[in-house]
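# Sequence and predicted structure below; questions after.
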Amino acid sequence: MTTKTIYSLLALILCISCSTDSSQTTQTPTETTYFPPLTGTAWETKSIKSLGWKQEAVQPLLDYLELKNSKSFIILVNGKIVIENYFHGHSATSNWYWASAGKTLTATLTGIAEQEGFLNISNKVSDYIGTSWSSLPLNKENLITNKHLLTMTSGLEDIDNGDAVNQASLTYKADAGTRWAYHNVYVKLQDVVAKASDQSWSNYFNTRLRDKIGMDGAWFQSGNNSVYTSTTRSMARFGLLMANKGKWQSTVVLNENYFNAATNSSQNINLGYGYLWWLNGKNSYHLPQSQLQFNGSIIPSAPNDMFMALGKNDQKIYVIPSKNMVVIRMGDAADNVNLGLSAFDNVLWQKINALYQ
């Protein structure tokens, strides 16, 4: 996201914030969560009728998704596919980029590396990748821990050069832990994991996460960022893992303590942010490239317990624990603006709510 887009975003927030908060009635899942096989295309489905949802609300939802430049959309309930649609020539075998929704993959792998004893998120970044990885004086650089990168509280300058992660661009703005600001410097965690595990990032990712839950896809370099691409079902597999608190069937991929920390407020500046996950239903939140605090929930029409992976051009993973539900959206920007969060989220959830309210 560039600085100029924040003005459009702030205008949209006025519209979003005035929407009525439709708090969802918590539903305790009684059905055992289903996990698709690690190989092949088999994936059990569940009908709209069996859930007691409204069939007449499905087509308006799909029409809106198609209108808003979507390429794919999936709803899982208890792990089973309830809705799966593809638009504009996209298919179940097509790959698409996750953009910043993939930040949550980095957060997850950092947690896996910690549970395997390769690193400690409370340790300073320079313990793993050496000093002078930034342009900060050593005493300031040594304040920055892995956890600061996970929580976007590194203190590094984010205006104009917040996308750049080369040494010259990583300059001082505030002491680590005192300021929340969205910054691509989180990718340094990939270097930390690689150095700590003595493996390449891709190899460690593939063996510890991708292959354990049957995902496909690969990382590629895009400018200053490392971007993941995969099929929509692979994104849904990751959402299902997180909906099950880091377990795939009986296998612990990510320990629950780290999962809980990652999906709850990680600091007291931006309550709507965990470890690279966005959190709905908090009392207040901040947005990328803004120091303004907004009161209320990020997406008022969505469930309050929802946590989210949000990426450029409206790549979405929504996880709703109270409903054991995962929602995936991939595609181009819904409203021709490069925002991870926009008015699209609020309207989309109004359409999803219509399925079961």
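Everything's here; your move. Numbering: from 1, shown residues only.

# Residue 246 and residue 261 touch, don't they?
No: using CB atoms under 8 Å, residue 246 makes no contact with residue 261, being 11.2 Å away. All C-beta atoms are positioned from the backbone trio N, CA, C, and that covers glycine.

# The two: who's more crowded?
Between residue 246 and residue 261, residue 246 has the larger neighbour count (other CB atoms under 10 Å), namely 23 against 18.

# contacting residues for that one?
108, 111, 252, 253, 254, 255, 256, 258, 259 (CB atoms under 8 Å, 6 or more residues apart in numbering).

# repeat that for 7 Å
252, 253, 254, 255, 256, 259 (CB atoms under 7 Å, 6 or more residues apart in numbering).

# Among these, name the buried ones.
253, 254, 259 (16 or more other CB atoms under 10 Å).

# can I get these in CSV with pLDDT, secondary structure and distance to residue 347?
Shown next, in CSV, are those (pLDDT from 0 to 100; DSSP: H, G, I helix; E, B strand; the rest coil; distance: CB to CB, whole Å):
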residue, pLDDT, secondary structure, distance to residue 347
253, 98, coil, 34
254, 98, coil, 32
259, 98, helix, 30
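
# Residue 149 versus residue 301, what's the distance?
31 Å (CB to CB, to the nearest Å).

# With neighbour numbers in mind, choose between these two.
residue 149 (26 against 21).

# quick check, the more buried one in a helix?
Yes: using DSSP: H, G, I helix; E, B strand; the rest coil, the assignment for residue 149 is a helix.

# What separation do you get for it and residue 107?
9 Å.

# Helices along this structure, start to end?
Taking DSSP state H to define them, one finds helices in the chain at 5-17, 48-51, 58-67, 103-115, 126-129, 138-141, 146-151, 188-197, 201-205, 232-243, 256-262, 343-356.

# Tell me the buried residues in the longest one?
Read that as helix 343-356. Those buried within helix 343-356 under the rule 16+ other CB under 10 Å are 343-353, 355-356.

# before we move on, back to that, so for residue 328, which of the helices of the chain sits nearest?
Among the helices of the chain, helix 232-243 comes nearest to residue 328, with 5.0 Å by CB to CB.

# what does the closest one rub up against?
The contact list for helix 232-243 (CB under 7 Å, 6+ apart) reads 35, 43, 72, 74, 76, 79, 92, 98, 213-217, 248, 253, 317, 319, 321, 324, 326, 328, 330.

# Can you report how many residues neighbour the residue nearest to residue 111 when sequence neighbours are not counted?
Closest residue to residue 111 apart from its sequence neighbours, by CB to CB, 6 or more residues apart in numbering: residue 258 at 3.8 Å. Residue 258 is flanked by 20 other residues according to other CB under 10 Å.

# Contact partners for residue 258?
111, 114, 115 are the contacts of residue 258 under CB under 7 Å, 6+ apart.

# Neighbour count added to the residues you listed, as TSV?
Below are those laid out as TSV (neighbours: other CB atoms under 10 Å):
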residue	neighbour count
111	23
114	21
115	17
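
# what's the residue closest to the geometric middle of the protein?
Nearest residue to the geometric centre of the chain (CA atoms, centre = their mean): residue 309, 1.7 Å.

# Show the contacting residues for it.
So residue 309 contacts 101, 104, 277, 317 (CB under 7 Å, 6+ apart).

# Kindly report the same for residue 71.
By CB under 7 Å, 6+ apart, residue 71 lies in contact with 86, 87, 88, 90, 96, 330, 331.

# ranges for the strands of this protein?
In chain order, the chain shows strands spanning 70-77, 80-86, 96-97, 218-222, 225-230, 247-248, 251-252, 278-279, 284-285, 294-295, 307-311, 315-320, 325-331, with DSSP state E as the criterion.

# would you list the ones you listed in CSV and tack on mean pLDDT and distance to residue 39?
Shown next, in CSV, are the strands of the chain (pLDDT from 0 to 100; distance: least, CB to CB, whole Å):
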stretch, mean pLDDT, distance to residue 39
strand 70-77, 98, 19
strand 80-86, 98, 17
strand 96-97, 98, 21
strand 218-222, 90, 17
strand 225-230, 92, 15
strand 247-248, 98, 14
strand 251-252, 98, 15
strand 278-279, 98, 32
strand 284-285, 96, 40
strand 294-295, 96, 44
strand 307-311, 97, 25
strand 315-320, 98, 22
strand 325-331, 98, 20
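
# Can I get these in JSON lines including distance to residue 191?
Below are the strands of the chain laid out as JSON lines (distance: least, CB to CB, whole Å):
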{"stretch": "strand 70-77", "distance to residue 191": "31"}
{"stretch": "strand 80-86", "distance to residue 191": "36"}
{"stretch": "strand 96-97", "distance to residue 191": "21"}
{"stretch": "strand 218-222", "distance to residue 191": "13"}
{"stretch": "strand 225-230", "distance to residue 191": "10"}
{"stretch": "strand 247-248", "distance to residue 191": "27"}
{"stretch": "strand 251-252", "distance to residue 191": "26"}
{"stretch": "strand 278-279", "distance to residue 191": "24"}
{"stretch": "strand 284-285", "distance to residue 191": "29"}
{"stretch": "strand 294-295", "distance to residue 191": "33"}
{"stretch": "strand 307-311", "distance to residue 191": "21"}
{"stretch": "strand 315-320", "distance to residue 191": "24"}
{"stretch": "strand 325-331", "distance to residue 191": "27"}
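
# For residue 126, which of these is the nearest?
Taking CB to CB, strand 225-230 is the member of the strands of the chain nearest to residue 126, at 20.3 Å.
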